[in-house]
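Asks: I would like the atomic coordinates for the input below:
(one chain, ligands or ions: 2)
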Amino acid sequence: MPDRSLAIEDARKSIITLMPEGQPDVTVIVPALNEEDTIGEVVERLLAVPLRMQVIVVDDGSTDQTPTVLKSFGSKILVLTNQARGGKGAAIRQALPHANGLATIIQDADLEYLPEEIPQVVRAILSGKESVVYGTRFQRGMPKGMAIPNKIVNLMLAWSVRMLYWRRITDEATCYKAFRTDVLQEMNLQCKRFEFCPEATAKSIRLGKHIAEVPITYIPRSKAAGKKIRWTDAPEAFWTLLKYRFWRKP
Ligand SMILES: Nc1nc2c(ncn2[C@@H]2O[C@H](COP(=O)(O)OP(=O)(O)OP(=O)(O)O)[C@@H](O)[C@H]2O)c(=O)[nH]1
Ligand SMILES: [Mg+2]
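Replies: Ligands and ions are numbered 1, 2, ... in the order given. Coordinates of the predicted model:
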């Protein structure tokens with residue numbers, strides 16, 4: 001069994017990490033609602049990533065085994081628990097003041113995105129080259145198994161960013177959005193549900209940040225497997241892009 005701390009140091013050296021000893025390189029925020037089938041594996045795989053990881057899970061009163069599974073990780077992760085469902089966006093906002101990694105990335109509590117790919121997404125942030133990096137699902141064509149309405153909405157969202165903000169990105173709605181933590185914290189986010197994505201995209205651009213993209217793998221899950229976003233969330237996403245078109249940092 002290789003020494004894990006040596007593996008972590010090697011990986012960090014190749015990334016030219018800027019964080020001093022003892023502080024995490026990456027904060028991962030995991031919003032979780034009734035995800036007992038996958039949450040344990042997600043957290044295990046996050047903790048195995050060869051970077052110094054701070055994992056913050058926000059559980060909105062899950063009624064399945066999610067809280068029990070989270071307890072089993074003890075102090076290896078920070079769990080914020082709410083009594084009622086607040087939405088994915090509210091969960092991210094709640095976790096953000098606790099984030100002390102140089103980069104912050106969002107990880108769903110399912111396995112649509114692979115924790116092993118986080119280093120390639122955050123690399124340019126840790127090396128100081130970029131402030132915002134998105135993992136794109138569309139640089140290698142359409143991912144297999146994505147429902148047709150989702151494909152259409154995803155294409156329309158990328159197109160809307162182009163029309164409204166004159167920025168060419170291929171995947172606006174990806175979950176793998178990574179930011180320099182201070183940049184995400186200065187956005188004064190207002191989102192409650194799935195409008196986190198368009199709000200963070202709009203505000204990144206309005207803060208003058210370049211959004212870099214790196215290809216990632218995507219294994220879509222179905223509504224039956226627990227997917228909570230609905231195509232009815234799409235109008236709010238478009239509205240959010242429009243709403244923040246002229247946003248300025250207060
Ligand atoms: N804490 C919390 N988490 C939520 C809530 N609603 C959804 N989530 C979590 O947010 C994540 C995203 O939800 P999904 O159902 O996977 O939807 P998705 O289409 O992958 O969503 P996006 O990645 O935002 O495009 C999952 O980990 C959910 O468990 C909520 O009200 N509270
Ligand atoms: Mg998901």
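Asks: How about the residues of the protein by ligand 2?
Replies: 108, 110, 112 (CB under 5 Å from the ion). (Glycine included, C-beta is placed from N, CA and C.)
Asks: Would you mind confirming that Ile92 makes contact with Cys191?
Replies: Yes. Using CB atoms under 8 Å, Ile92 is in contact with Cys191, at 7.4 Å.
Asks: which of these two has more neighbours?
Replies: Counted by other CB atoms under 10 Å, Ile92 and Cys191 do not tie: Ile92 has more neighbours, with 24 against 21.
Asks: Could you grab the helix/strand/coil label for the more buried one?
Replies: helix (DSSP: H, G, I helix; E, B strand; the rest coil).
Asks: cool, and Val133?
Replies: strand.
Asks: mind listing what it touches?
Replies: Residues in contact with Val133, defined by CB atoms under 8 Å, 6 or more residues apart in numbering, are 121-125, 177-178, 211-214.
Asks: With Thr63 instead?
Replies: Asn34.
Asks: run the last query once more with 10 Å
Replies: 33-34, 36 (CB atoms under 10 Å, 6 or more residues apart in numbering).
Asks: is ligand 1 contacted by the helix ranked longest in the chain?
Replies: Using DSSP state H, we find that the single longest helix of the chain is helix 148-165. No. Against ligand 1, helix 148-165 shows no contacts by CB under 6 Å from any ligand atom, the least distance being 7.8 Å.
Asks: elements contacting whichever helix or strand comes after that helix?
Replies: Next helix or strand after helix 148-165 toward the C-terminus (DSSP states H and E): strand 177-180. For strand 177-180, the packing partners by 3 or more CB pairs under 10 Å, 6 or more residues apart in numbering; DSSP states H and E come out as strand 26-32, strand 103-106, helix 118-126, strand 132-136, helix 181-185, helix 196-206, strand 211-215.
Asks: mean confidence for the fifth one?
Replies: Confidence for helix 181-185, expressed as mean pLDDT, is 98.
Asks: Which elements pack onto that helix?
Replies: Right, helix 181-185 is packed against strand 26-32, strand 103-106, strand 177-180, helix 196-206 by 3+ CB pairs under 10 Å, 6+ apart.
Asks: Figure out which of the helices and strands packed on strand 177-180 is closest to Pro50.
Replies: Among those, helix 118-126 comes nearest to Pro50, with 6.9 Å by CB to CB.
Asks: could you check the angle strand 26-32 makes with that closest one?
Replies: Using axes from the mean of the first three to the mean of the last three CA atoms, to 10 degrees, the inter-axis angle of helix 118-126 relative to strand 26-32 is 130 degrees.
Asks: Name whatever forms a beta bridge with the residue most central in space within the chain.
Replies: Nearest to the mean C-alpha position of the chain, by CA atoms, centre = their mean, lies Ile106 at 1.9 Å. Beta bridges link Ile106 to Ile29, judged by DSSP bridges.
Asks: what's the spacing between it and Gly145?
Replies: 21 Å (CB to CB, to the nearest Å).
Asks: Could you export the residues of the chain next to ligand 2 to CSV, including columns for distance to Thr136?
Replies: Compiled in CSV, the residues of the chain next to ligand 2 are given as follows (distance: CB to CB, whole Å):
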residue, distance to Thr136
Asp108, 16
Asp110, 19
Glu112, 14
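Asks: Relative to Pro235, which of the residues you listed is nearest.
Replies: Closest to Pro235, out of all of the residues of the chain next to ligand 2 and judged by CB to CB, is Asp108, at 21.7 Å.
Asks: wait, what's in contact with the closest one?
Replies: Neighbours of Asp108 in contact, by CB under 10 Å, 6+ apart: 30-32, 35, 38, 42, 88, 175-176, 221, 227-229.
Asks: again, 6 Å this time
Replies: Residues near Asp108 by CB atoms under 6 Å, 6 or more residues apart in numbering: Cys175.
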